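Visitor: missing the sequence, but the structure's below:
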C-alpha cells in the first residue's frame, strides 16, 4: 500500500483566522475612510472600540496600501478642514482655539510620520555614554476607552 502524502502545513497567510483578520482590517479601514466612527465600526464588525482602533492601526502599517493611503489622505483633508474652522479663534488669540490648533498640528505630524524620536544620552559609571532614541509616537497614542 502506498504511503499517503504528508499534508503541507498551511501558510500563515492562508490560515482561516488570518484571512478573517485581514478581511476585518480591510472593512474597518474602508468604513473609517467613509467617515464612520470607531463605535459605529465596532458595532458593525462586532468588535470592541479598542479592537477596532488596533485593527485600523495594524491596517495602516500593513501592505494594504490602497485603502490605508486613501484613509491617510482623507484624515489629512479632515485636519485641513478643522484648521480652517479654527482659524478665526486662533487669530483672536482664544486659548482653546490655540490649544486645538497645536493638537491638529501634532496629529498631522504623526499621520505623516514627521514626529522624530527623542534622543537621550545616559552617562554611565566609568565615563561611558549610552545614546538612546525614544520613539514617543509609539507610546503617546492613547487608546480609546
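Guide: Nice, thanks for sending it over. For clarity, every value in this text was computed on a predicted model and none was experimentally measured. Residues are numbered from 1 along each chain as shown.
Visitor: only C-alpha atoms for contact and neighbour calcs from this point on.
Guide: Fine.
Visitor: I'd say residue 83 and residue 104 touch.
Guide: Yes: using C-alpha atoms under 8 Å, residue 83 is in contact with residue 104, at 7.1 Å.
Visitor: For residue 78, give me its contacts.
Guide: Counting by C-alpha atoms under 8 Å, 6 or more residues apart in numbering, residue 78 makes contact with nothing.
Visitor: going on from the strand or helix carrying it, what's the next piece of helix or strand?
Guide: Residue 78 belongs to helix 65-91 when assigned by DSSP states H and E. Using DSSP H and E, the helix or strand that follows helix 65-91 in sequence is helix 95-112.
Visitor: and the angle from that following helix to helix 65-91?
Guide: With axes from the mean of the first three to the mean of the last three C-alpha atoms, to 10 degrees as the basis, helix 95-112 and helix 65-91 are set at 160 degrees to each other.
Visitor: helices or strands up against helix 95-112?
Guide: Using 3 or more C-alpha pairs under 8 Å, 6 or more residues apart in numbering; DSSP states H and E, the elements in contact with helix 95-112 are helix 65-91.
Visitor: got the buried residues for the helix it packs on?
Guide: The neighbour-count check on helix 65-91 (16 or more other C-alpha atoms under 10 Å) flags 67-68, 71-72, 74-76, 79, 83, 86, 90 as buried.
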